[in-house]
Structures are given as C-alpha cells and as structure tokens.
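1. 3D, please:
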Amino acid sequence: MAEETSWFSHYLDDRPREIGEYESFAELSDEGNQEVTVVSVESFLPDELLERIIAYLPIASIFRAQSVCKRWNGIVSSKKYISTNSPLTPQKPWYFMFTSCNEPIGYAYDPVLRKWYGIELPCIQTSNWSIASSCGLVCFMDNDSRSELYVCNPLTKIYKKLEEPPGLRFSDYGALAISANRISRSYTITVVKSKQVPGNFFQWDVSVHIYDSQTTMWLSPVTEVLTGWRGGDESVVCDGVLYFLIYSTGGGAPENRHGLISYNLSARSSHGQLIRSFIPVPCALTCGRLMNLREKLVMVGGIGKPDRPDIIKGIGIWILNGKVWQEIARMPHKFFQGFGELDDVFASSGIDDLVYIQSYGAPALLAFDMHLKHWRWSQKCPVTKKFPLQLFSGFCFEPRLEVNP
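-> The predicted structure is shown next:
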C-alpha cells in the first residue's frame, strides 16, 4: 500500500489570495494613543475544541485553514485529524472533470462555493479507466486487461492497490461499482465481466466478481451465458443490490436495445439467477447512466427518436421503485440543445439529491437537484478546447476526509 499524507501542495482556490500567517496584533486605543495588546481567542482553545470548530467549515475552507497559522496547519494536516474528524455541515458532492483524453488531469467543482479546483488524482493513468465512487472513496480500474484496481480518497490521496479480480483477464466489457459503509467504513467492489462466446455473437458469458474489504478476498458467485444480450460498462450498487445494464446483440425491437439486471449481493445465488431478474427500461434509450441516490436506483438516459432510436431527442431522469420506473424529470430544451444528436453524448453521475450531466463535447456541467426539481449550469470550468474533437468526461464523489481504503 502506498499513501500520501499531505493534502494539496498548491493553493486550492482558482484565484490567488493573500492570506498571511495569523498572529496577535497591536493597535492604538483612542485614549492617549496607548498601545494595547489584543490576543486571539483561538490561542486559548485546546486543540480538540479547535478541531471541532474547523470541522464545521466547508471542505475547501478546511484546506485553506492550513494557511492561517502554523498551529492550524499542524492540526488540519495531522493524520489524527484526517482519520477522526469529518465536516459537520452537509457537503454536496463534487464533480471531477477530465480535461485530457490521454492524461488523468482536470478540475473538481465545488457546488457549495461554486468554484473549480485543480487537483491531481492518484493511481489512475488515463481518463478512459472505469471509475466508481461511494462515501468519499473512488475506485479505478484499467480498461485494457481489467486487472489493475485501486481504491483511493481523492482529497487525502491515500490509496490502496487491490488484488487482480478473478475470471477472464481480457474480457470484452467490464462494469465497475463500489459500495462503502458509512459506519464500519468497509466497502464492497463489484466487477461484471462480459465476453462473447467464440463463434456466436448472440451468446455472451457474463460473470459477477465481488471484493470484500473486510476479508480482502474476491468471490465469483455467478457465471451465466446470456442469449441476445451482453454486458457493458454501466453498474451500481444500491441497498445491497447490484444493478447493471445489458445491451441487445440484435434481433429485438428498438425499445429493447437496453435492459437492466439486478443481483442481490447477499444471496450469492448462482445458476440462472441473472436473466430471471430482467427489468425493462422505461423507453427506447440511446444510452443509460446508473447511480445511487440515497440507496435508490436512478437512471439518466438519452431518449431515442421513434423512427431513429440511435438519435437522441432528449434526456430523462427516472427512479426505480420495485420493478417500475418513475419519471422524475426531462431536461428542458434550452439546456439539451447543446448536447448534440449522437446516441452517446454525455456523462452523468450523482449522489444524494444532486445529479450531474456533462456533455462529452464541451467543458460544460449541468446539475439537477432531485429535491427542488431545479436545473442549473455550474460556473464555467477554467479550461478551453485545444482541438475541435477534444472530448471531456468526469465523475462525482463525496468530499470526505476521514475515510480511507
């Protein structure tokens, strides 16, 4: 296990500010110009109380607290503070936007302060790796052999490399998901691998592999051959159930290009379990993005045209209740018109009540509040397109300090 204990080495704000070392200062009184020494209140506070006060700040302000004085820097940077303190005010999820196809570089958006911060991600080598997040942890998996897996906290940069998952090393598709427990701080990682049966395009081997951080072991409870369907790269865990999208290999109606499979992670059933849990999608989709919002499955999908199901005409948001989809919202046309007309034109992820949707073709980020039913563009990301076909992608994560892999 490799780790990095320091936080950002550079200043996080996208605008430079002058913040000097905080000291007691002297000022002249109105009475006889007599010099009076004023002592900072925080100098009387014990470290434990000061830690609790700092914990009420937004995440970005906690980072800036390092610049106040040497004492604050020592408190906030200590392993003890990072491991035992978390912000006590509600923190909305951040969104990390990749700004390069070849390098894992980009900016993270803070919706509370509406600012972008330049941060470096550990472990990941290129932006096309599979990425999943839960409760402040982010999991990365390479898209070539699907054998390199890392779990990290992107803010503290503490990470852990996992053992290679079992099963086929070079599968055609792989879907990654992670589910972390807020109380025990343990986590479960799932990888759904899909590979075409040799000589038969309509049949695909689909296998589910599960990693438990408490036992540090992989299990492969189910392997099944699907006919007419294949796995893909979209999956999520909600309330102990693994959901992943499957894709038609031909021969079906346009409205059946996609389907959903559910698998109870605690059941550990094997033969014939997957296809029996099939759930139809709510309409003809060009693409779908799955996410866990308060342990409910939410899907953001591109809505296909009736006569051209491969052409997107809108973007919708649905929540799954049992096996029934409920439509929550459709993106207004004034927001949608910048997304293009291809079948797969956006990235999307969300946490709690916030859903992010990002166009692949531009560094523009749109947020939808599930509670308020409100659409809003983020502040402009501080990046410009270097060439016309440059693509952008990203993912969201909870900004937390006290969780580590």
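
2. residue 290 - how many residues pack around it?
-> Using other C-beta atoms under 10 Å, residue 290 has 24 other residues around it. C-betas here are computed from N, CA, C, even on glycine.

3. so what sits opposite it in the bridge?
-> Taking DSSP bridges as the rule, residue 290 bridges to residue 299.

4. tell me who's in contact with it.
-> By C-beta atoms under 8 Å, 6 or more residues apart in numbering, the contact list for residue 290 reads 234-236, 243-245, 297-299.

5. what are the ranges of the strands in the stretch 51-200 of the chain?
-> Under the criterion DSSP state E, counting those that start in this stretch, the stretch 51-200 of the chain contains strands at 94-98, 105-110, 115-120, 130-134, 137-141, 149-152, 159-162, 173-180, 187-197, 200-212.

6. mind putting these into CSV with mean neighbour count, distance to residue 257 and mean pLDDT?
-> Output for those, formatted as CSV (neighbours: other C-beta atoms under 10 Å; distance: least, C-beta to C-beta, whole Å; pLDDT from 0 to 100):
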stretch, mean neighbour count, distance to residue 257, mean pLDDT
strand 94-98, 25, 27, 94
strand 105-110, 21, 31, 90
strand 115-120, 19, 36, 89
strand 130-134, 24, 22, 96
strand 137-141, 25, 25, 96
strand 149-152, 23, 30, 96
strand 159-162, 18, 33, 95
strand 173-180, 24, 15, 96
strand 187-197, 22, 16, 96
strand 200-212, 19, 15, 93
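
7. surely residue 349 and residue 395 touch.
-> Yes - using C-beta atoms under 8 Å, residue 349 is in contact with residue 395, at 5.2 Å.

8. shared neighbours, these two?
-> Joint contacts of residue 349 and residue 395 (C-beta under 8 Å, 6+ apart) are 95, 133.

9. rewinding a little: can you say which of the contacts of residue 290 are buried?
-> Buried members of the contacts of residue 290, scored by 16 or more other C-beta atoms under 10 Å, are 234-236, 243-245, 297-299.

10. and these, which two are the farthest apart?
-> 244 and 298 (14.5 Å; C-beta to C-beta).

11. got any ranges where the chain has weak pLDDT?
-> 1-44, 63, 66-67, 77-90, 101, 251-255, 268-272, 340-343 (pLDDT under 70).

12. helices of that one, start to end?
-> 47-54, 59-64, 70-77, 79-84, 273-276, 333-336 (DSSP state H).

13. most tightly surrounded among those?
-> Highest mean neighbour count of those: helix 59-64, a mean of 19 (counted as mean count of other C-beta atoms under 10 Å).

14. residues touching the residue nearest to residue 217 when sequence neighbours are not counted, list them.
-> Using C-beta to C-beta, 6 or more residues apart in numbering and skipping residues adjacent in sequence, the residue nearest residue 217 is residue 211, 7.4 Å away. Contacts of residue 211 were listed using C-beta under 8 Å, 6+ apart, and they are 149, 162, 165, 188-191, 217-218.

15. who's in contact with residue 242?
-> Contacts of residue 242 (C-beta under 8 Å, 6+ apart): 177, 190, 192, 208, 235-236, 262-265.

16. one more pass at 7 Å, please.
-> Residue 242 makes contacts with 177, 190, 208, 235, 262-263, 265, as judged by C-beta atoms under 7 Å, 6 or more residues apart in numbering.

17. who's it bridged to?
-> residue 237, residue 263.

18. ok, residue 99 to residue 355 distance?
-> 21 Å (C-beta to C-beta, to the nearest Å).

19. scratch that, residue 329 is what I was asking about
-> For residue 329 relative to residue 355 (C-beta to C-beta), the value is 9 Å.

20. more neighbours: which of the two?
-> Each of residue 329 and residue 355 has its neighbours counted (other C-beta under 10 Å); residue 355 has more, 25 against 17.

21. beta partners of that one?
-> residue 350, residue 368.

22. so it sits against residue 369, correct?
-> No - Residue 355 sits out of contact with residue 369 when judged by C-beta atoms under 7 Å, with a separation of 8.0 Å.

23. before we move on, back to that, the contacts of residue 290 into a markdown table, with extra columns for distance to residue 274?
-> Output for these, formatted as a markdown table (distance: C-beta to C-beta, whole Å):
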| residue | distance to residue 274 |
| --- | --- |
| 234 | 15 |
| 235 | 12 |
| 236 | 16 |
| 243 | 11 |
| 244 | 9 |
| 245 | 13 |
| 297 | 16 |
| 298 | 22 |
| 299 | 19 |
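
24. need the contacts of residue 211 in CSV with distance to residue 50, can you?
-> Output for the contacts of residue 211, formatted as CSV (distance: C-beta to C-beta, whole Å):
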residue, distance to residue 50
149, 38
162, 37
165, 44
188, 36
189, 37
190, 41
191, 43
217, 41
218, 43
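
25. how many neighbours does residue 46 have?
-> Neighbours of residue 46 (other C-beta under 10 Å): 7.

26. oh, I was asking about residue 384
-> 9.

27. next, it: phi, psi?
-> phi -120, psi 150 (degrees, to the nearest 10).

28. which residue is the nearest non-sequential neighbour of it?
-> residue 363 (7.8 Å).

29. what sits up against stretch 345-362?
-> Contacts of stretch 345-362 (C-beta under 7 Å, 6+ apart): 92-93, 95, 97, 111, 289, 291, 293-294, 298, 300, 302, 312, 315, 317, 338-340, 364-371, 391-396, 398.

30. if we can go back for a sec, how about the helices of the chain, which one is nearest residue 196?
-> Between these, helix 273-276 lies closest to residue 196; by C-beta to C-beta that is 16.5 Å.

31. any idea how far that closest one is from the chain center?
-> 28 Å (C-alpha atoms, centre = their mean, to the nearest Å).

32. for it, packing partners?
-> When contacts are defined as 3 or more C-beta pairs under 7 Å, 6 or more residues apart in numbering; DSSP states H and E, helix 273-276 packs onto strand 217-227, strand 258-264.
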